[in-house]
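>>> Any chance you can model this:
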Amino acid sequence: MKLYVCWGTFDVPGSNEHPCKAACDALVQADHEPEVIKTHSSGYLPRLLQTPSRKRVEDGTGSKWVPALELDDGEWISGSKEIIAWAEQHARV
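Below you'll find the predicted structure:
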């Protein structure tokens, strides 16, 4: 499985956890080992200016926004809340 994130899975100061980190943490807690792929661009940019990994996310989900999870069977899950819910439902522990 591949987890596409913005620039990383880091802590952000303040009260809200970064969505990419929250998705990654949920997968790891559920005993999954996602390959984390940094897309290094912004969903606000037009497709022409997107990185190849961000274009792959858009092709798979219909959206340029991350986090997005690509499962080994080719299924895509888009959004941190949806990825967290999937991880909870598919925990290996």
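
>>> what about residue 85, which helix or strand?
Using DSSP states H and E, the secondary-structure element containing residue 85 is helix 80-89.

>>> Surely residue 57 and residue 40 touch.
No. Using C-beta atoms under 8 Å, residue 57 is not in contact with residue 40, being 11.9 Å away. All C-beta spots, glycine's among them, are computed from the backbone N, C-alpha and C.

>>> between these two, which one's more packed in?
Applying other C-beta atoms under 10 Å to residue 57 and residue 40 shows that residue 57 carries more neighbours, namely 27 against 14.

>>> quick one, phi psi at the residue nearest to residue 34 when sequence neighbours are not counted?
Leaving aside its chain neighbours, residue 34 sits nearest to residue 3 (3.9 Å; criterion: C-beta to C-beta, 6 or more residues apart in numbering). Dihedral angles of residue 3 (phi, psi; degrees, to the nearest 10) stand at phi -110, psi 120.

>>> what's across from residue 3 in the sheet?
Residues found in beta-bridge contact with residue 3 (criterion: DSSP bridges) are residue 36, residue 69.

>>> wait, it sits on residue 35?
Yes. Applying C-beta under 8 Å, one finds residue 3 in contact with residue 35, separated by 7.1 Å.

>>> out of these two, which sits in the busier spot?
Each of residue 3 and residue 35 had its neighbours counted (other C-beta under 10 Å), and the higher figure belongs to residue 3 (23 against 9).

>>> which ones are touching the more buried one?
20, 23-24, 27, 34-37, 67-70, 83 (C-beta atoms under 8 Å, 6 or more residues apart in numbering).

>>> How about the residue most central in space within the chain: what's its closest non-neighbour residue?
Central residue of the chain (C-alpha atoms, centre = their mean): residue 67, 2.5 Å from the mean position. Excluding the flanking residues, the one nearest residue 67 by C-beta to C-beta, 6+ apart is residue 23, at 4.1 Å.

>>> Could you tell me the model confidence score at the residue nearest to residue 34?
In this model, residue 3 is scored at 99, pLDDT.

>>> Repeat that for residue 82.
Note on residue 82: pLDDT of 99.

>>> since we're on it, how many residues are nearby?
One way to gauge burial is a neighbour count; for residue 82, by other C-beta under 10 Å, it gives 15.
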